[in-house]
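Visitor: 3D model of this:
(chains A and B)
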Amino acid sequence: MNPDAAQADRNAAVRRAARAWKKSGAIDEATLAAIETAYPDDRARVGPVFRALLFVFTLVAVSAAFGFIWAIVGTGVSEGDAFGALAVIFGIGLAVLTEVQTGALRRAQGGTEAATSFAALGYLLGALAWFLFEKGDASFRTGAPILFVAAAILCAAAAWRWGFPLYAGAFMAAVLMALAYAPGGRLLWIVLTLVAAPVFLRLSDAERFPPSHRMGFVAALLVALAGLYFAVHLGSFDLGAIELMGDGSWLKPASGSRSLRWLSVAATALIPLVLLVLGVRQRRRSLLLPGIAAAIASVITLHVYRDLGPAWLLLTAWGAVAIAGTLAVRRFLDSRPGKEWRGLTAEPLFEDLEKEGLIETAAAVVTLAPEARQPR
Amino acid sequence: MNPDVANAIPRLVETGTLPPEKAATFVRVARRELVSIRLELRALLYAGVLLVTGGVGLLVKENLDRIGPAVIALAIGLAAAAALGWVWRVAPPFSWKQVPSPNLAFDYILLLGALLTAADLAYIEVQFTPLGASWPWHLLIVSILAGAAAVRFDSRVVFSLALATFAAWRGVSAARFGMDVLEASDDVVRWNALGCGVFFLLLGAGLKSNFRKAHFEPVAVNLGWLLVLGGLASGLGEESWALWTLALLATGAALAAGAFRYRRFPLFAYGVLGGYLALTRFIFTGDETLGCFWISTTSIFVIIGLVVAQRRMREPL
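Guide: Now for the predicted structure:
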C-alpha cells in the first residue's frame, strides 16, 4: 500500500471504532464528530450494499467487454490465441486500473477496485493457464504447480499492494497447493504451517503494518491452520488426500507406518484442544474460531470411525451439549467480578447488535424454513 | 488487537475529546485485554438448536415403528412445552415496542420451542391426519402460532420463521428467497409468490404505521420484495414474457426510486437488479456479441449511476 493509503487505512480503523462506541451509546454525536475531525478520511468509500452492487456490476461489465472484444477479434485469428493475448491485455489493464483507483482516485472499500483487482488476477492466471496447457501442451501435473506458484506470487503482490486480506489467504492456499506437488508434500505442509502460523500470528499484531495488512496476516493464519489440520487429520491420512494432488494416488493411506497413523489420530484430537486453549489464553478470535471448527470436525471424524449410536441420538445429544455448555459458560462468566474471566466476557463490547440480529434472521429463514407444500 | 486505535485513545484523552473513564474500557478492548465471546456463544446456541431439531426430525423418521406414534408425539410435545414454559417464565412483560431479551439463551430456547411445536404438529398431521385432505393447513396453523409467539416474546427470528412457514403453505420456499419460483413451471407458484410478497409488504407497512412491533418491518418488507421480484422475474421465459418484463421493469424502477427516497439501501439494490434484469431481457435477443456489448456498456452506466446515487443517499433526509 502506498503511504497515503496506509495512513487512510489507520484513520479508518479509528473512525470505525468511534462509530461502534457511538452506536453502543458510549460516546455522543459531538465526540464522534471530534474524533472524525482528528482522524480524517480522504478515501472514497461506500457502504456494504453499494459495495456489493458495484463489485457485481464491475465484474459483469469487465466480463462482457472481454466477451465482446473476443468475439470480434477472434474471428480473424484462432480463438485460443485471441483468448490468451486478450487475457494478458485485460489482466495488465485491470491491474493498472486498480492501481489508479487505489492511488490517484483514492478509492477504498468501494467495490469497483476490488472487482478490477479480482478480474486482473483472474485474467492473468487464465492467460498463464492457456499458455501452459493450450500453447505449451503441459500435463496437469507439470502445469498445475507452476500455476499455483504464479497464483501465490500474484496474490501476495495484490495483498501487499492493494491491501485486500482475501488475497493473503489465497496466497497461503496457493503455496500449500503448490507444495502438494513436491515430494513429501504432506510433511512440507506440516512444517510450513507450523513455522508460518506463529509468524503470521505475531505479524497480525504488528503496529508497523496498516490494519488491512494485519487482517491479511490473519487471513493467511486461518488458511495455514486449516492446512495444518488437514495435513495431520486422520481421514486425510487414511485417504491420502494430499498425496492425490502430488502423485495421483487415491484411497490408500499416506504412509503404511502404524506409528505415523497413531500420531495422526493424536493430532486430530489434540490440535482443536491446543487452538482452543491458546485462543482462550491469548484472547484471540483468530485461534478460537479455528479451534471450534476443528473441534466440530474432529467430533464428526470420531463418529465416522467409531459407531457411537444412532444418528438422531447423537445429533440431539450434541445439540443439548452445545446449548447446556454455552449456558454454563455464560453463567460462569456472569458470576465473575465485572462479568469477566481472564479478559473474556459474554457481554457485548461495542458490537452492532442490530446488524447481528438481521444476519441471524436471514440465517433462520435459510436454514429453518419448512419445505414448501406442492401447489394444487 | 488494534494498535492504531490503542494509540489513538490516549491522544484523544489528552486533547479532551474522550473522557478518561470511558477511555479505560476502550483501551482494554483495543489492546485485546478484554474480549467479548458473545458472538461465539450465540453461534453455538444456534448450532445447538439446529442439531436438536435435526435429531428430533431423524427420531421421527427412523423410530416410528419401534416407539409408536403416540409416544413420539407426546415426547416432542413435552419437550416443546418445556422450552416454551421456560420462555414464558422468564419473559419480560408484553409491549408493542422492542423489548430486550432477558438473557442470551432466550431467543434460542424460544426458537427451539417453536420448531419442536412445528415438528410435533407436522408429525401429528402425518400420523393421525386430523385435517385429512386439507393437510397443508397445518403449515398455516404453525405460521399463526409462530407469529403469535414472535409478537408476544418479541423475536424477529421467530417472526421470520412465521413468514417462511406462511410462504411454504402457499407452496413457495422462502429459504431460497423466492428463487425457486424462477424454476417453477407452474403459474400457481408464481401467483402465490406474488400474493405472499404483497401480503408481507402490507403486513410490514401495517406494523410500521401503527407502531406495533415496528422493528419487525424490515423482515417482512425484505422478504416481501424478494418474493414479488422473484415472482415477476419467473415470467421472463414465458410466452407472454413482454408483459412480465414490463411489470418487472416498472416494479424495479419504482422500488429503487422509493428506496432512494427513504434511504433503504438493500431495497434499492433489489430494485436496481430487478430493473436491470428486465431492461436487459427487452434488449437481449439471443445475439451473444450484441448481448456482451449491451451488458458491458450499460453496466458502466449503472456503475456511474450507483456512485452518484450512493453520494446522494448519504445526504440527510
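Visitor: mind checking the longest helix of chain B?
Guide: With DSSP state H setting the assignment, residue counts place helix B:288-314 as the longest helix in chain B.
Visitor: now do it: which elements does it pack against?
Guide: On a contact count with 3 or more Cβ pairs under 8 Å, 6 or more residues apart in numbering or on different chains; DSSP states H and E, helix B:288-314 meets helix A:48-73, helix B:241-261, helix B:265-283. C-betas here are computed from N, CA, C, even on glycine.
Visitor: pLDDT of that helix, averaged?
Guide: Per-residue pLDDT values across helix B:288-314 average out to 87.
Visitor: for the helices and strands packed on helix B:288-314, which one sits closest to residue B:37?
Guide: helix A:48-73 (24.3 Å; Cβ to Cβ).
Visitor: does whichever helix or strand comes after the closest one come close to chain B?
Guide: Counting by DSSP states H and E, the next helix or strand C-terminal to helix A:48-73 is helix A:79-102. No - Helix A:79-102 stays out of contact with chain B when judged by Cβ under 8 Å from any Cβ of the partner chain, the minimum separation being 11.7 Å.
Visitor: report the angle between helix A:79-102 and helix A:48-73.
Guide: Regarding helix A:79-102 and helix A:48-73, their directions subtend 150 degrees when assessed with axes from the mean of the first three to the mean of the last three Cα atoms, to 10 degrees.
Visitor: elements contacting helix A:79-102?
Guide: Helix A:79-102 makes packing contacts with helix A:48-73, helix A:112-129, helix A:140-162 when contacts are defined by 3+ Cβ pairs under 8 Å, 6+ apart.
Visitor: show me which residues of the stretch 1-150 of chain A sit near chain B.
Guide: With the criterion set to Cβ under 8 Å from any Cβ, the stretch 1-150 of chain A comes near chain B through A:10, A:13-14, A:17, A:21, A:26-27, A:31, A:34-35, A:38-39, A:46-47, A:49-50, A:52-54, A:57-58, A:60-62, A:64-65, A:67-68, A:71-72, A:112.
Visitor: between the helices and strands packed on helix A:79-102, which gets nearest to residue B:93?
Guide: Between residue B:93 and those, the shortest gap by Cβ to Cβ is with helix A:48-73, which sits at 35.9 Å.
Visitor: whichever of the residues of the stretch 1-150 of chain A next to chain B end up buried, select them in PyMOL.
Guide: What follows is the PyMOL syntax selecting those of the residues of the stretch 1-150 of chain A next to chain B that are buried according to 16 or more other Cβ atoms under 10 Å in any protein chain shown:
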select buried, chain A and resi 10+13+14+17+21+26+27+31+34+35+38+39+46+49+50+52+53+54+57+58+60+61+62+64+65+67+68+71+112
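Visitor: run a quick neighbour tally on residue A:208.
Guide: For residue A:208, the tally of surrounding residues (other Cβ atoms under 10 Å in any protein chain shown) stands at 8.
Visitor: is it true that it lies in a helix?
Guide: No - using DSSP: H, G, I helix; E, B strand; the rest coil, the assignment for residue A:208 is coil, not a helix.
Visitor: do you know the pLDDT at it?
Guide: 94.
Visitor: low-confidence ranges in the chain?
Guide: Reading this off chain A. A:75-77, A:79-80, A:247-251, A:373-376 (pLDDT under 70).
Visitor: not quite, I wanted chain B
Guide: B:64-65, B:175-186, B:285, B:316-317.
Visitor: just the strands in it please.
Guide: Using DSSP state E, the strands assigned to chain B run over residues B:35-36.
Visitor: for residue A:350, find the nearest of the helices and strands packed on helix B:288-314.
Guide: Residue A:350 lies closest to helix A:48-73 among those, at 18.2 Å (Cβ to Cβ).
Visitor: ok now that closest one, how far from the chain's centre?
Guide: 23 Å (Cα atoms, centre = their mean, to the nearest Å).
Visitor: which strands and helices sit next to that helix?
Guide: Based on contacts counted as 3+ Cβ pairs under 8 Å, 6+ apart, the elements that helix A:48-73 packs against are helix A:79-102, helix A:112-129, helix B:265-283, helix B:288-314.
Visitor: wait, which of the ones you listed is closest to residue A:287?
Guide: With distances scored as Cβ to Cβ, the stretch of these nearest to residue A:287 is helix A:112-129 (27.4 Å).
Visitor: not counting its own residues, what contacts that closest one?
Guide: Helix A:112-129 has contacts (Cβ atoms under 8 Å, 6 or more residues apart in numbering or on different chains) with A:51, A:54-56, A:58-59, A:62-63, A:66, A:84, A:87-88, A:90-95, A:97-98, A:101-102, A:107, A:143, A:146-147, A:150-151, A:154-155, A:158, A:162, A:164, A:167, B:303.
Visitor: kindly export it (C-alpha atoms) in CSV.
Guide: What follows is the C-alpha trace of helix A:112-129 in CSV, where atoms were taken according to Å, rounded to 0.1, in the frame of the first residue of the first chain:
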residue,chain,number,x,y,z
THR,A,112,-15.0,-1.3,-8.1
GLU,A,113,-11.4,-1.5,-7.2
ALA,A,114,-11.9,-4.9,-5.5
ALA,A,115,-13.7,-6.1,-8.7
THR,A,116,-10.9,-4.9,-11.1
SER,A,117,-8.2,-6.4,-8.9
PHE,A,118,-10.1,-9.7,-8.7
ALA,A,119,-10.6,-9.7,-12.5
ALA,A,120,-7.0,-8.7,-13.1
LEU,A,121,-5.7,-11.8,-11.2
GLY,A,122,-8.3,-14.0,-12.9
TYR,A,123,-7.3,-12.9,-16.4
LEU,A,124,-3.6,-13.1,-15.7
LEU,A,125,-3.9,-16.6,-14.3
GLY,A,126,-6.3,-17.5,-17.1
ALA,A,127,-3.7,-16.4,-19.6
LEU,A,128,-1.0,-18.4,-17.9
ALA,A,129,-3.2,-21.5,-17.8
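Visitor: rewinding a little: what's the closest of the helices and strands packed on helix B:288-314 to residue A:240?
Guide: Between residue A:240 and the helices and strands packed on helix B:288-314, the shortest gap by Cβ to Cβ is with helix A:48-73, which sits at 37.0 Å.
Visitor: burial measure for residue 115, as a count.
Guide: As the question left the chain open, I've gone with chain A. Neighbourhood size, residue A:115 [other Cβ under 10 Å]: 25.
Visitor: that was the other one, I meant chain B.
Guide: Summarising burial for residue B:115: neighbours were counted as other Cβ under 10 Å, giving 26.
Visitor: enumerate every residue touching it.
Guide: Under the criterion of Cβ under 8 Å, 6+ apart, the contact list for residue B:115 reads A:368, B:49, B:53, B:161.
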